[in-house]
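**Q** Mind folding the following:
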Amino acid sequence: MNLNQVTLPVKHMDKATEFYLKLGFTQIVDTPHYARFECPDGNSTFSLLLETGSFLNGVVIYFEHEKLDQWVSDLKSIGIEFYQEPTDQSYLWREAILHDPSGNKIKLYWAGENRLNPPWRVDKRA
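**A** As a prediction, the model looks like this:
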């Protein structure tokens with residue numbers, strides 16, 4: 001099996017789609033209440049769903065890029081604001097943190113081999 005997509009709630013579709021286009025994603029579905037994006041590498045997609053009521057989203061979405069520091073620098077140069085600059089984490093990932101216009105938390109990161117094979121990896125199955 002493979003993960004197809006993640007859907008994030010948004011308050012303002014226009015602001016949200018503009019934000020994700022600036023991050024470098026390609027929009028492949030465009031409706032007033034739903035947008036879907038394709039990642040530049042691989043086959044992953046994610047979508048946005050317009051929520052008219054209040055919501056609290058505790059999900060964190062991660063986007064991986066081998067040249068994380070350069071990507072963050074490029075995004076900052078076009079006005080994207082970061083909550084945390086690229087920082088080495090104790091779990092062997094390098095992460096930068098930002099929020100989309102609806103407050104959804106996003107981590108841009110690079111983990112390399114440690115993403116799937118950290119030193120503490122286990123292989124449990126049913």
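**Q** Measure how buried the residue lying closest to residue 5 once chain neighbours are set aside is and give me the count.
**A** Excluding the flanking residues, the one nearest residue 5 by CB to CB, 6 or more residues apart in numbering is residue 45, at 4.5 Å. For glycine as for every other residue, the C-beta is placed from the backbone atoms N, C-alpha and C. Neighbour count for residue 45, taken as other CB atoms under 10 Å: 18.
**Q** Name the nearest residue to residue 101, sequence neighbours excluded.
**A** residue 15 (4.2 Å).
**Q** in the one helix or strand the one you found maps to, what's buried?
**A** Assessed by DSSP states H and E, residue 15 sits inside helix 13-23. By neighbour count on 16 or more other CB atoms under 10 Å, the buried set for helix 13-23 is 13, 16-17, 19-20, 23.
**Q** and that helix, average pLDDT?
**A** Mean per-residue pLDDT for helix 13-23: 97.
**Q** Report the rounded mean pLDDT for the helix or strand hosting residue 72.
**A** Using DSSP H and E, residue 72 falls within helix 68-77. Taken as a whole, helix 68-77 has an average pLDDT of 98.
**Q** Having no further points to raise, I will conclude here.
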